[in-house]
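J.: Generate coordinates for the sequence data below:
(4 chains)
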There are 2 protein chains.
Amino acid sequence: MNILLVEDDAVLADGLVYTLSNSGYSVTGATTGAYAEHIMLAQDFDLIVLDLGLPDMDGLQLLRKLRLRKVPVPILILTARDGINDRIQGIEQGADDYMAKPFELRELEARIHALIRRCYGGFRNDIEIGRLILNTLDHQILADGQPMMLSAREYDVLEILLLQAGKVVCKDRLAQRLAADGDALADNAIEVYIHRVRKRIEPYGAVIRTVRGLGYLLETAGDEK
Amino acid sequence: MNILLVEDDAVLADGLVYTLSNSGYSVTGATTGAYAEHIMLAQDFDLIVLDLGLPDMDGLQLLRKLRLRKVPVPILILTARDGINDRIQGIEQGADDYMAKPFELRELEARIHALIRRCYGGFRNDIEIGRLILNTLDHQILADGQPMMLSAREYDVLEILLLQAGKVVCKDRLAQRLAADGDALADNAIEVYIHRVRKRIEPYGAVIRTVRGLGYLLETAGDEK
DNA sequence: CCGAACCTTTCAAGAACCTTTCACGGAAAA
DNA sequence: TTTTCCGTGAAAGGTTCTTGAAAGGTTCGG
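T.: Okay, the predicted model is just below:
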């Protein structure tokens, strides 16, 4: 987990880097707004701790800039300004949390933890094959970033194959999944569905290979032997 | 936007209901933990404001219970207990934010807003699809810059779809939202409302796509595939 | 070359969904 | 108070899409 700490007070910054590092975060320090902007181009952060009183620019200005640029990273403001209006302004302009100095390190840690939990807590279970992405959380398959329209059965088949991508999935397992209602399927139902799914995913660089006598296997197109 | 307020102090609760309702939220009150748990089964909430001092159980206990049950709804704790350990405990056990009494109503509103904004994947205060803009600050939908006149139900439907724009919203979730009063709806009520909303938003470059067997998805017109 | 396994196309039934219409009830206007 | 209007939700019939079966063709292994 990468945290960007934008804070010009060297003593406080050192203390925070030390504490947060000990908690298992990887912390990068920035003492000016300009440097913070610069380093963000090179590196991806999971959270920003932002002091409003920076030597070269107003922290709120940086905040607005980032949100205008559609940077979605969670931001926690940390500042000496503690007027009610400061707090509200900070939050309304895009910050996720706001703590006034002096503060307890343990509370800051807890709030950082809560933010990261909220933003990345739904552990990302994305599986990518070709230009297909399976998002198991929202029951959706993206093709070239667009939600792919599949019927229920087609989705079932493709999901099984994606979850076991690169491995052979035997026909029995597919049959079991498709016959969830108990009815037995025609003996070639699997083949029909594999055929349908093949046509759907072909344009997106994913291929279902047949393993005769065993089952099927999903892989990136062009992944020969 | 539905908020569940769990607070046993009638005076404070009334004040909060009044303020939050005026800000465009639909607020449901619960004065006991047991009732809160009960009402959550029937209705879908976007946020819970939780007082720790309840007559029948400890608020933290309720919090733990919900998180154990993997209820993902954001929770803001509101309490008289202001020890640093109380704060940390509350957050570590699954709360997203923590405010101590006495507090400023405006700050509570701002923090509620930040949480809802963050939980719907956003970081900006407005969501734009086609020529429609949902402003999450004043709970209004603009079409071509003009406020759109919608009936209560139509607004509910469109808001849910806008908040989850690009993702599939299942019919159950829509049904639960529309059946806020507990009555079951006719089996095709959702379809009727989708139809009505479609007619309303069609002229503004927004489209509701059907995902058969799952639900609906709002997107910009012309986003084919 | 033969049989088994697999591919592909077609089709009917029914599920899921769309659209229109209508009646009721509450709120605003007269 | 009465009238009118609009939101709401039920009902019903029409439309589209999924599903699974059937049947004939193709490829593979022996």
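J.: Can you name the next helix or strand after the longest helix along chain A?
T.: As assigned by DSSP state H, the longest helix anywhere in chain A is helix A:105-120. Next helix or strand after helix A:105-120 toward the C-terminus (DSSP states H and E): strand A:126-129.
J.: mind exporting that next one as CSV, just the C-alpha atoms?
T.: Below are the C-alpha coordinates for strand A:126-129, written out as CSV (Å, rounded to 0.1, in the frame of the first residue of the first chain):
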residue,chain,number,x,y,z
ASP,A,126,-10.2,-9.3,-11.6
ILE,A,127,-9.1,-11.9,-14.0
GLU,A,128,-7.9,-10.8,-17.4
ILE,A,129,-7.7,-12.9,-20.6
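J.: Does anything pack onto it? Which helices or strands?
T.: Strand A:126-129 is packed against strand A:132-135, helix A:152-163, strand A:215-220, with contacts defined by 3 or more C-beta pairs under 8 Å, 6 or more residues apart in numbering or on different chains; DSSP states H and E. The way it works is simple: take the backbone N, C-alpha and C, and place the C-beta from them, glycine included.
J.: Buried residues, the last one. List them.
T.: This points to strand A:215-220. Buried residues in strand A:215-220, counting neighbours by 16 or more other C-beta atoms under 10 Å in any protein chain shown, are found at A:215-219.
J.: Kindly reformat those residues as a markdown table and extend each row with pLDDT and distance to residue B:8.
T.: Converted to a markdown table, those look like this (pLDDT from 0 to 100; distance: C-beta to C-beta, whole Å):
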| residue | pLDDT | distance to residue B:8 |
| --- | --- | --- |
| A:215 | 90 | 59 |
| A:216 | 93 | 59 |
| A:217 | 92 | 59 |
| A:218 | 92 | 55 |
| A:219 | 91 | 59 |
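J.: State the distance from the residue nearest to residue A:140 when sequence neighbours are not counted to residue A:94.
T.: Spatial nearest neighbour of residue A:140, excluding adjacent residues (C-beta to C-beta, 6 or more residues apart in numbering or on different chains): residue A:147 at 5.5 Å. Using C-beta to C-beta, to the nearest Å, one gets 27 Å for the distance from residue A:147 to residue A:94.
J.: picking that back up, list the residues that contact the residue nearest to residue A:140.
T.: Counting by C-beta atoms under 8 Å, 6 or more residues apart in numbering or on different chains, residue A:147 touches A:140-141, B:166-168, B:211, B:217.
J.: let's go with 10 Å and repeat that
T.: With contact taken as C-beta atoms under 10 Å, 6 or more residues apart in numbering or on different chains, residue A:147 is in contact with A:135, A:138, A:140-141, B:166-168, B:209, B:211, B:217, B:219, B:223, B:225.
J.: Not counting sequence-adjacent ones, nearest residue to residue A:16?
T.: Among residues not flanking residue A:16 along the chain, residue A:5 sits closest, at 5.8 Å (C-beta to C-beta, 6+ apart).
J.: Name the strands paired with the strand or helix carrying that neighbour and say parallel or antiparallel.
T.: Assessed by DSSP H and E, residue A:5 sits inside strand A:2-6. Here strand A:2-6 is paired, per DSSP bridges, with strand A:26-30 (parallel), strand A:47-51 (parallel).
J.: per-residue confidence averaged over it?
T.: For strand A:2-6, the mean pLDDT works out to 95.
J.: check contacts around the residue lying closest to residue A:118 once chain neighbours are set aside.
T.: Sequence neighbours aside, residue B:96 is the residue nearest to residue A:118 in space, at 5.7 Å (criterion: C-beta to C-beta, 6+ apart). For residue B:96, the contacting residues are A:96-97, A:111, A:114-115, A:117-118, B:47-48, B:73-77, B:90, B:111, B:114-115, B:118-119, by C-beta under 10 Å, 6+ apart.
J.: Close to DNA strand D: what parts of chain A are there?
T.: Proximity of chain A to DNA strand D, by C-beta under 7 Å from any atom of the strand, involves residues A:149, A:151-154, A:178, A:181, A:183-186, A:188-189, A:192, A:212.
J.: Which ones among the residues you listed lie within strands?
T.: Taking DSSP state E, every one of the residues of chain A next to DNA strand D sits outside strands.
J.: Most widely separated two among those?
T.: Distances among the residues of chain A next to DNA strand D were taken as C-beta to C-beta; the most separated pair is A:149 and A:212, at 31.0 Å.
J.: neighbour count winner among those two?
T.: A side-by-side neighbour count of residue A:149 and residue A:212, using other C-beta atoms under 10 Å in any protein chain shown, places residue A:149 first with 16 against 5.
J.: Wait, the more buried one touches residue A:158, no?
T.: No: using C-beta atoms under 10 Å as the test, residue A:149 is too far from residue A:158 to be in contact (11.9 Å).
J.: which residues do the two both contact?
T.: Common neighbours of residue A:149 and residue A:158, using C-beta under 10 Å, 6+ apart, are A:141, A:200.
J.: Of the contacts of residue B:96, keep whichever come out buried.
T.: Neighbour counting by 16+ other C-beta under 10 Å classes A:96-97, A:111, A:114-115, A:118, B:47-48, B:73-77, B:90, B:111, B:114-115, B:118-119 among the contacts of residue B:96 as buried.
J.: Nearest to residue B:83, out of the residues of chain A next to DNA strand D: which one, please.
T.: Closest to residue B:83 out of the residues of chain A next to DNA strand D is residue A:152 (51.9 Å), distances taken as C-beta to C-beta.
J.: List phi and psi for residue A:168.
T.: Dihedral pair for residue A:168: phi -80, psi 130, per degrees, to the nearest 10.
J.: How confident was the prediction at the closest residue in space to residue A:152 that isn't next to it in sequence?
T.: Spatial nearest neighbour of residue A:152, chain neighbours left out: residue B:213 (4.4 Å); criterion: C-beta to C-beta, 6+ apart. Here the pLDDT value assigned to residue B:213 is 86.
J.: Residue B:213 contacts residue A:151, correct?
T.: Yes: Residue B:213 is within contact range of residue A:151, at 7.0 Å (criterion: C-beta under 10 Å).
J.: List, one by one, the residues from chain A near DNA strand C.
T.: When proximity is defined as C-beta under 7 Å from any atom of the strand, chain A approaches DNA strand C at A:171, A:188, A:191-192, A:194-195, A:198, A:210, A:212-215.
J.: returning to that earlier point: next, the residue nearest to residue A:140: phi, psi?
T.: The phi/psi pair for residue A:147 (degrees, to the nearest 10) reads phi -60, psi 130.
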